[in-house]
Every structure is written in C-alpha cells, then in structure tokens.
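**Student:** coordinates only, sequence not included:
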Ligand SMILES: N[C@@H](CCC[C@H](N)C(=O)O)C(=O)O
C-alpha cells in the first residue's frame with residue numbers, strides 16, 4: 001500500500017487522496033478507507049479517494065471513491081473536484097482545459113480555473129414524492145433524483161430547524177428506497193437563484209459539510225418545483241463555502257456542472 005497521502009477537501013467535504021499508486025498495487029482500498037477515515041484512530045475523513053492516470057487519450061484519469069464505512073461511492077462530486085485539482089497541481093494539467101475523470105464507469109468532465117474546480121454530474125429522471133417522513137412533527141415529502149448516486153430532497157422553510165442526523169438516518173433507511181438506501185438533502189430557498197442545503201450522507205452515516213452530487217440533486221428538484229430558474233444557482237452549505245451549479249451547455253436536461261473551492265490541507269506519510 002502506498003504510504004504518502006494528501007488530505008484535501010472540496011468545500012468542507014474531506015478526503016484522504018492517493019494519487020497514481022503503482023500499477024501493481026493490490027491495496028484493499030475499501031478496508032483502508034474504513035481504517036483511515038476514522039476520526040479518532042485514523043487520519044479522519046468523509047472518504048478515501050484513489051486517482052490514477054489511465055492510458056486513454058485525451059487525458060483521462062480513473063478515480064475511485066470509498067465512503068468512510070468502506071462502501072463504494074459510484075459518484076462523488078467533491079472527490080472528483082479534489083482529484084481534478086491534484087491532476088492540475090501535480091501533473092501540470094493546464095487550467096481551463098477539459099479533463100476526463102472516470103468514476104464507476106462514468107466519464108465526467110473537469111475543469112480547473114483559478115477560483116473554482118468544476119466537474120460534471122449526470123441528472124437522471126426525477127421521481128416525485130418517493131417517500132414521506134416527519135420533520136418537526138410535520139409530514140414532509142421527499143423527491144428523488146439520481147445524480148450518479150442516490151439522492152432524495154425535501155424542500156423546507158428552515159434547514160437550520162432540522163435535526164439533520166436524526167431525520168436523515170430514518171430517511172436513509174426508508175423502505176421505499178431499500179435496499180440501497182439514499183443520501184438525504186434538506187433544501188431551503190434563500191432568494192433568487194440561491195439555495196441553502198444540509199446533507200446526510202449514506203456511507204459516512206452523518207451530516208457532511210457539503211456534497212457535490214447533493215447540490216446538483218437539490219438544484220434539479222428546486223428547478224422542477226419552481227424555486228429557482230434553470231440557470232446558475234448558488235448552493236450554500238454547512239461549510240460556508242458555497243457550491244455553484246449550472247446546466248451543462250450541451251445537455252442542459254441531462255447534466256450539470258458543479259464548482260467550488262478545493263483546499264489542500266496537508267500531506268502525510270502513513271506509519
Ligand atoms: N459527498 C459526495 C457524495 C458521496 C457519495 C455518497 N456518500 C454515496 O455513497 O452515495 C459528493 O460530493 O457528491
């Protein structure tokens with residue numbers, strides 16, 4: 001197993017990132033994710049990410065993401081953004097050029113500009129009202145949308161009034177989304193083209209400070225429900241580092257760009 005790692009976060013969603021491990025590397029990454037993501041006994045992170053260049057042209061990287069519990073994330077917007085930052089920083093991939101990142105068999109575009117790192121996410125069919133749960137005593141509907149991974153979204157009047165981890169844990173295991181479960185988002189309209197979001201993440205089994213695929217899901221549902229127009233939306237999160245979501249120029253109904261800050265925190269060597 002490689003010993004050098006980088007700690008990095010995408011708008012507060014934090015990862016242990018390994019780049020370009022030896023081609024013959026046989027690390028059991030899922031197991032290592034569980035061990036290293038532990039906040040008290042490991043490095044501590046929401047997930048573990050492995051990024052490696054593949055031999056495809058134009059430049060393409062394979063990016064794998066494991067949640068803190070060792071499960072595979074089929075899509076993680078913030079992990080892809082962190083991986084894109086590293087390709088730019090370490091391998092000299094030019095800013096503002098399109099890069100290809102493959103995660104769980106799906107190719108995402110990425111683009112690093114000085115202020116933000118952007119990646120694309122799929123926006124699949126919306127299933128309105130897939131489940132209902134009590135929020136502060138009030139029955140509340142959740143819509144679902146698959147943005148590369150499972151998300152449900154409830155529109156609420158005040159996200160700060162919600163016990164996100166309590167409600168999130170119940171909804172995450174709701175029978176209508178069994179057996180795979182779901183990530184759970186609570187969304188509030190903040191004004192013209194702005195939302196506030198809180199996300200309970202499956203696989204981390206806790207609220208995270210931001211979620212890229214969750215921000216895309218929130219914008220898809222908020223657009224459908226007429227809360228925002230179909231153009232750029234600012235999604236304010238618990239990190240205080242908003243993500244921006246805008247429709248993809250070529251497939252506005254099928255994909256979106258999500259962008260925001262990436263911060264390299266430190267590099268380390270495993271004992
Ligand atoms: N934080 C991520 C989503 C990670 C995946 C999720 N926990 C799952 O397993 O579905 C993001 O930024 O998109």
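**Tutor:** It's in. No experiment lies behind these values; they were computed from the predicted model shown.
**Student:** for the ligand, see how far away residue 9 is.
**Tutor:** Shown here: residue 9 relative to the ligand, a distance of 11 Å by Cβ to the nearest ligand atom, to the nearest Å. C-betas here are computed from N, CA, C, even on glycine.
**Student:** in three-state terms, label that residue for me.
**Tutor:** Applying DSSP: H, G, I helix; E, B strand; the rest coil to residue 9 yields a three-state assignment of strand.
**Student:** for it, which residues are in contact?
**Tutor:** Residue 9 makes contacts with 15, 78, 82, 262, 263, 265, as judged by Cβ atoms under 8 Å, 6 or more residues apart in numbering.
**Student:** for it, which residues make a bridge with it?
**Tutor:** For residue 9, the beta-bridge assignment (DSSP bridges) gives partners residue 14, residue 263.
**Student:** how about residue 168: what's its closest non-neighbour residue?
**Tutor:** The shortest distance from residue 168 to any residue other than its chain neighbours is 2.5 Å, reached at residue 200 (Cβ to Cβ, 6 or more residues apart in numbering).
**Student:** that neighbour: neighbouring residues, count only.
**Tutor:** Around residue 200 sit 27 other residues, with neighbours defined as other Cβ atoms under 10 Å.
**Student:** so which bits of the stretch 101-250 of the chain are right by the ligand?
**Tutor:** 149, 150, 183, 201, 202, 203, 204, 208, 211, 212, 213 (Cβ under 6 Å from any ligand atom).
**Student:** now the second one: closest residue in space that isn't a chain neighbour?
**Tutor:** Setting aside the residues directly before and after it, residue 150 is nearest to residue 182 in space (Cβ to Cβ, 6+ apart), at 4.1 Å.
**Student:** quick check: that neighbour vs residue 239, distance?
**Tutor:** In this structure, residue 182 and residue 239 are 22 Å apart, going by Cβ to Cβ, to the nearest Å.
**Student:** the two: who's more crowded?
**Tutor:** residue 182 (27 against 19).
**Student:** thought that one was touching residue 144?
**Tutor:** Yes: using Cβ atoms under 8 Å, residue 182 is in contact with residue 144, at 6.9 Å.
**Student:** many thanks, we can stop here.
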